[in-house]
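**Q** Got a sequence here, can you model it:
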Amino acid sequence: MSKIAVYPGSFDPVTLGHLSVASRAAAICDELVVLVSHNPNKHSLFSPEERIALWNQSLEELGIANVRVEALPSGLLADAAKKLGAEVIVKGLRTSADLDYELQFVNMNRELSGIETVFLATEPKYSATSSSLLREVALLGGDVSSHVTSCVAKALKEVKK
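**A** This is a model prediction of the structure:
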């Protein structure tokens, strides 16, 4: 039986920090499934389908294997993870504030599904990078190409036009 991990998030857009976490997670499981979610509390720049395409293009651009990208169906992450046969949920942490925020979800997901969550600390060079910050900078005309793959940088420029 293969060990499956899920890496959920809105990823609007996917950043090099997200890709770093995915690459490291994929190295310690048999298959990593990135679950692109829709967060109704956030204003999305890209549709879920566009975010999935950007993930796939970015994975190819960086040569990251062992990762499958899907939309997180409506409903609970715990249910989707169980349905996929996941043994672990992967979350990236940039700061201690991320940990404080995530802990409530970790405990609820474990209660609902029995699935543990593993945190991977982001690389220091990505600790100040968030999708929302990059979206804002890009929409205001700033260059975010050092924080995203070339396909994401191109997509962000296209949105600005």
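**Q** Which parts of this protein are strands?
**A** Listed in chain order, the strands of the chain (DSSP state E) span residues 4-9, 31-36, 67-71, 88-93, 116-121.
**Q** Identify the residues contacting the fourth one?
**A** Spelled out, it's strand 88-93. 3, 5-8, 17-18, 20-21, 25, 29, 32, 77, 81, 98-99, 102, 106, 109, 115-122 (CB atoms under 8 Å, 6 or more residues apart in numbering). C-beta coordinates here come from the backbone N, C-alpha and C atoms, glycine included.
**Q** Would you convert the strands of the chain into TSV that also reports mean pLDDT, distance to H43 and mean neighbour count?
**A** Output for those, formatted as TSV (pLDDT from 0 to 100; distance: least, CB to CB, whole Å; neighbours: other CB atoms under 10 Å):
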stretch	mean pLDDT	distance to H43	mean neighbour count
strand 4-9	97	16	23
strand 31-36	98	16	23
strand 67-71	97	18	17
strand 88-93	96	22	21
strand 116-121	95	26	16
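**Q** Make a markdown table from these and add distance to S131 to it.
**A** Output for the strands of the chain, formatted as a markdown table (distance: least, CB to CB, whole Å):
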| stretch | distance to S131 |
| --- | --- |
| strand 4-9 | 8 |
| strand 31-36 | 12 |
| strand 67-71 | 15 |
| strand 88-93 | 11 |
| strand 116-121 | 17 |
